[in-house]
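# sequence plus predicted model, see below.
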Amino acid sequence: MNAPATRRARSSSTAVRRPGDILFNGASLGSAVLILLILAGVAFFLVMEAVPALTAPAEEISGGEGFFAYVWPLVFGTVVASVIAMLLGTPVAIGIALFVSHYAPRRLGNGIGFVIDLLAAVPSVVFGMWGMAVFAPRLGPLYEWLSQNLGWIPIFGDASATGRTLMTASIVLAVMILPIITSVSREVFLQTPRLHEEAALALGATKWEMIRTAVLPFGMPGVIGGTMLGLGRALGETMAVAIILAPGVFSWNFIGAGNATIPAEIALNFPEAAGLRLSELIAAGLVLFVITLAVNLFARWIVDRRAEFSGAN
Amino acid sequence: MSKRIDVKDLDIYYGDFHAVKGVSMTIEPRSVTAFIGPSGCGKSTFLRTLNRMHEVIPGARVEGEVLIDGQNLYGKGVDPVDVRRQVGMVFQRPNPFPTMSIKENVLAGVRLNARRISSSAADELTERALRGANLWNEVKDRLDKPGSGLSGGQQQRLCIARAIAIQPEVILMDEPCSALDPISTLAIEDLINDLKSDYTVVIVTHNMQQAARVSDKTGFFNLKATGQPGQLVEFDTTQTIFNNPSQKATEDYISGRFG
Amino acid sequence: MSIQTQTPQTPQGDVQRSRLEDVEGVVLSRVRPTTGRPALLLALGALVLAVVLRLGLDMHVALALVLSFVGYLGAVYAVYRHLGGPRVAVDQVLRALVYFAFVCAIVPLASLLWTVVAQGAGRAFDPSFLNQTMNGVTGLHDQDYAEGVGPFVGGAYHAIVGTLIITGLATLISVPIGLFTAIYLVEYGGRNPLSRWIRFFVDVMTGIPSIVAGLFAFALFVQLFGPRDAKMGIAGAIALSVLMIPTVVRNSEEMLRIVPNELREASLALGVPQWRTIAKVVLPTAASGLASGITLAIARVIGETAPLLVAIGYARGLSLNAFEGPMNTLAVYAYYMFTKPLSPAVREPSLERAWAAALLLVLIVVALNLLARLIAKMFAPKTGR
């Protein structure tokens, strides 16, 4: 990884600056800086439109108890749904990625890899429609069973007959982020240097031991990155939740009616909103932005912390 | 502890492709055996069949027998995982595990094969293997640093340490110096010479001088034409192969009159 | 060769040759050979168990499957521990988990695809659906159609056109910015502070929820045009660009990084200027990856609903002008038809439209992916890999 540095040294020591070089360098630099400007713009305009809601007197906000009281149940619903989705989705995704990269025959693996790439691109509105039409009704009886047999666990309260619950939304979110995490993980698993795999095998490793020794450590930063990408997508996922979840007030019962998430709240109310309500929703969006930002920074920190031992030879 | 290897009529196939044909030889314990020959002649492939590493490639199979002290590697009750514990391997390019420290790298194989290791045994095995690989003095102060921070030659010796840490019967080396500079190469060659007193060493090399320097016996592999299977042309003491080969093809190759 | 004998004597005395199992403090775990047959038999048994639980005890499908799988894992561990030892048992259990994960994922995903095709195929290729807009179509038409008095009217023509225009604009904005940023990061920036910051902010941007991107575009256009005229096609394109740029940068950066440094150095060593090295060596080498990355980015945003819901509003008729008034896209169209049927009493025709739009959207995504593959194949360097 020190090659780029040598390259830079080489180019800066070049006496003649060719027009092509200047143009290319300029366009590259310009684009890079533009990205910073766009991001600054996102923050700036959101804050500007959110300020009225943040400064308005408490009784004018929906619910009448101020912005914080309005937004925290939404934050709770958003985080819970995403975390459940991540917990359900990640192990399965890693499993599929390993299946495709190391267990299935090469051709089958490639085929499945392609299908998974396709599914990563299936629009969320389609997932939402499927979840609502096919998945939620099937889960109704399961919730009934959970409520009857595991009802002492707070999250399994009275069951919703329609299945339009936070749990259903979470499971659909899990299915949605599955292809994303799988796709990223498969990519890094396939990139595991052959040499390292063979080194492990030559030491007398079984297949799983080889994966544990060579593949997983090599792929871990990528897998974490993919997981966080998935979590980020789940946090911000709007349509699936907006379609599936019958929104309601905060509740610990995840298999009954109740709860809502920030993005769904925005999507459901934005088209008819005006004035302060608009500002309220944009402020909620800002909160969502801050949450995803925090998740991202956390992911980055984890990946960086492992960087010392992940350097390529 | 080191063992004799008997190869009887071994044919190697990749799918329909006949890669190596009819190899028979006996490799003596506590000796260094070198395989030389032009690229693509199947010498590396053959080497890999000595610890069943060729099975990593889908469709690879062999016919014939490889006996280590009378036990057939390809017998019914033999698991490749167990074979590889007894027959260690060092690869063309140094391949320490990048996420592991030097010490963890040395112990990687031991940890795989042991249900439990006490920390004193771990320390002892690390030191012993690193000393055995002539690397101890260079790394003893930085055992917890990543193995990828070492120089190429040191990394390759680290890989040898990793291979000998599990106390194999045989060590296979697949062009272990091809990615190294001359000084590191010399260090490895010295090491091979030392290893001979404890292990059966089999080495594939592109470098004929290297074969002449380190080996007791040499096998010359060749193929009649592209698309034809590789064959063991001649197998004899290194002395004989380099000074008085019985085959014309060997003589041509040795004297550089090849192709 | 005399050097060899002169090298300092290695600490031969310290190297005690012994077997690993003889070292004190080491307990070896040997592996005995096994076959896959017991696992297969057990899997059959587990399947039978699942069927019995489902049909015999009338258990929920999910429960029956989970229970029999847990039973299967236990049995596999026990059997293989006996046959091959603990290491083989763990290996087999993990294998079972990996295969199970695969099945777990395939079922819902297959169900999804099947549902979309089964529900959407009836209407999606109907010329009247493809050629008509929703202009003037009301719930009454749907009721007539349901009663068999009227024809099926109302389609997604405007939404298809809107999708193409808005996604096209977003691509035009994102690809140059994203690609050049990636070139900057890999070829020029290296590890300087600016590129570290850019990489950081691209990461931040990747995490922007799609609806927030929509809110941003809306807020921006409210500032520019006032709240009443803020909703227009280009606002949607900008919202999509915010989502697309980081994807393009990340995918492209990764692909450019894979290009071996040896190639760049070989080209530079021949005296080729750096920009030509990038244009003629680096980019062509990475072309397949870049194409697939960009296409995937397009495929991802083409189905975005939330930001467009916020930024472009909802148009019933055809609008070709991205700079004035609401537009429509397939995703938004599907959402509205699905959740807000024209006639609450007769939902069927609206649902048909929704599924048809969903199917078209999925087909577009598939087509884009296939296209990416094709491009990748055509430009791929002619090597074995």
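That came in fine, so what should we check first? Residues are numbered from 1 along each chain as shown, chains lettered A, B, ... in the order given.

# wondering if whichever strand or helix holds A:Ser279 reaches chain B at all.
Of the helices and strands defined by DSSP states H and E, A:Ser279 is found in helix A:276-305. No - applying C-beta under 8 Å from any C-beta of the partner chain, one finds helix A:276-305 out of contact with chain B, separated by at least 12.6 Å. The way it works is simple: take the backbone N, C-alpha and C, and place the C-beta from them, glycine included.

# list the buried ones in that helix?
A:277-289, A:291-293, A:295-296, A:299-300, A:303 (16 or more other C-beta atoms under 10 Å in any protein chain shown).

# do the same with stretch B:158-173
For stretch B:158-173, by 16+ other C-beta under 10 Å, it's B:158-173.

# kindly report the same for stretch C:45-62.
Buried residues in stretch C:45-62, counting neighbours by 16+ other C-beta under 10 Å, are found at C:46, C:49-50, C:53-54, C:59-60.

# among the residues you listed, which pair sits farthest apart?
C:Ala46 and C:His60 (16.9 Å; C-beta to C-beta).

# which stretches of chain B form strands?
Per DSSP state E, chain B has strands spanning B:5-14, B:17-27, B:32-36, B:60-68, B:71-72, B:87-90, B:114-117, B:170-174, B:200-204, B:217-223, B:230-237. These are given in chain order.

# tell me the one among the buried residues of stretch C:45-62 nearest to chain B.
Sorting the buried residues of stretch C:45-62 by how near they are to chain B, with C-beta to the nearest C-beta, puts C:Ala46 at the top with 25.4 Å.

# list the contacts of the closest one.
Applying C-beta atoms under 8 Å, 6 or more residues apart in numbering or on different chains to C:Ala46 gives the contacts C:68-69, C:71-72, C:75.

# please apply the same query to B:Lys76.
Counting by C-beta under 8 Å, 6+ apart, the residues that B:Lys76 touches are C:Pro33.

# okay, it and A:Thr292: tell me how far apart.
Going from B:Lys76 to A:Thr292 by C-beta to C-beta, to the nearest Å gives 57 Å.

# low-scoring stretches of the stretch 1-150 of chain A, by residue?
Applying pLDDT under 70 to the predicted model, the residue ranges of the stretch 1-150 of chain A that meet it are A:1-17.

# around chain B, which positions in it sit nearby?
Contact residues of the stretch 1-150 of chain A with respect to chain B, defined by C-beta under 8 Å from any C-beta, are listed as A:105-106.

# how about A:Phe114, what does it touch?
Neighbour list for A:Phe114: C:369, C:373 [criterion: C-beta under 8 Å, 6+ apart].

# how far away from the center of its chain is the host helix or strand of it?
With elements delineated by DSSP H and E, A:Phe114 resides in helix A:106-120, which encompasses its position. Computed by C-alpha atoms, centre = their mean, to the nearest Å, the chain-centroid distance of helix A:106-120 equals 21 Å.

# so which bits of it are buried?
A:109, A:112-113, A:115-120.

# and which of those is nearest chain B?
Top of the list for closeness to chain B, among the buried residues of helix A:106-120 and by C-beta to the nearest C-beta, is A:Gly109 at 11.1 Å.

# nearest to chain B, of the contacts of C:Ala46?
Compare each of those with chain B using C-beta to the nearest C-beta and the shortest gap goes to C:Ala75, at 21.3 Å.

# what's the neighbour count on the closest residue to the closest one other than its chain neighbours?
With C-beta to C-beta, 6 or more residues apart in numbering or on different chains as the criterion, C:Ala75 has its nearest non-adjacent residue at 5.0 Å, and that residue is C:Leu42. By the criterion of other C-beta atoms under 10 Å in any protein chain shown, C:Leu42 has 21 neighbours.

# show the model's pLDDT score for C:Leu42.
Turning to C:Leu42, the model gives it a pLDDT of 92.

# how near is it to chain A?
In this view, C:Leu42 and chain A are 18 Å apart by C-beta to the nearest C-beta, to the nearest Å.

# correct me, but that residue touches C:Val76?
Yes - under the criterion of C-beta atoms under 8 Å, C:Leu42 lies in contact with C:Val76, with a separation of 5.7 Å.

# what sits against A:Glu272?
Contacts for A:Glu272 (C-beta under 8 Å, 6+ apart) come out as none.

# roughly how far does it sit from C:Pro341?
Separation of A:Glu272 from C:Pro341 (C-beta to C-beta) stands at 17 Å.

# and B:Pro96, by the same measure?
63 Å.

# who's more crowded, those two?
Summary of the neighbour comparison: B:Pro96 and C:Pro341, criterion other C-beta under 10 Å, with B:Pro96 having more neighbours (28 against 19).

# name the nearest residue to the more buried one, sequence neighbours excluded.
Leaving aside its sequence neighbours, B:Pro96 sits nearest to B:Gly147 (C-beta to C-beta, 6+ apart; 3.4 Å).

# check A:Thr78 too.
Distances taken as C-beta to C-beta, 6+ apart place A:Thr261 nearest to A:Thr78, at 4.1 Å, with adjacent residues excluded.

# surely that neighbour and A:Ala81 touch.
Yes - counting by C-beta under 8 Å, A:Ala81 is a contact partner of A:Thr261 at 5.8 Å.

# so what sits against both of these two?
Taking C-beta under 8 Å, 6+ apart as the criterion, A:Thr261 and A:Ala81 both touch A:169, A:241.

# go ahead and produce PDB holding the CA coordinates of stretch C:45-59.
Taking Å, rounded to 0.1, in the frame of the first residue of the first chain, the C-alpha atoms of stretch C:45-59 are listed here in PDB:
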ATOM      1  CA  GLY C  45     -35.000 -37.700   8.900                       C
ATOM      2  CA  ALA C  46     -35.300 -34.100   9.900                       C
ATOM      3  CA  LEU C  47     -37.500 -33.400   6.900                       C
ATOM      4  CA  VAL C  48     -39.800 -36.200   7.900                       C
ATOM      5  CA  LEU C  49     -39.900 -34.800  11.400                       C
ATOM      6  CA  ALA C  50     -40.800 -31.400  10.100                       C
ATOM      7  CA  VAL C  51     -43.600 -32.800   8.000                       C
ATOM      8  CA  VAL C  52     -44.900 -34.800  11.000                       C
ATOM      9  CA  LEU C  53     -44.800 -31.700  13.200                       C
ATOM     10  CA  ARG C  54     -46.600 -29.600  10.600                       C
ATOM     11  CA  LEU C  55     -49.300 -32.100   9.500                       C
ATOM     12  CA  GLY C  56     -49.500 -34.400  12.500                       C
ATOM     13  CA  LEU C  57     -49.300 -31.800  15.300                       C
ATOM     14  CA  ASP C  58     -50.500 -28.900  13.200                       C
ATOM     15  CA  MET C  59     -47.600 -26.700  14.200                       C
END
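
# now it: average pLDDT?
Averaging pLDDT along stretch C:45-59 yields 88.

# for the longest helix seen in chain A, the distance to its chain's centre please.
Secondary structure of chain A per DSSP state H: the longest helix is helix A:19-55. Centre-to-centre, helix A:19-55 and its host chain are 23 Å apart (C-alpha atoms, centre = their mean).

# also stretch C:272-291?
With C-alpha atoms, centre = their mean as the basis, the mean position of stretch C:272-291 lies at 26 Å from the chain mean.

# and stretch A:18-26, by the same measure?
Taking the mean C-alpha point of stretch A:18-26 and that of its whole chain, the gap between them comes to 38 Å (C-alpha atoms, centre = their mean).

# just stretch C:45-58 next, same as before
Mean-position distance between stretch C:45-58 and its chain equals 35 Å (C-alpha atoms, centre = their mean).
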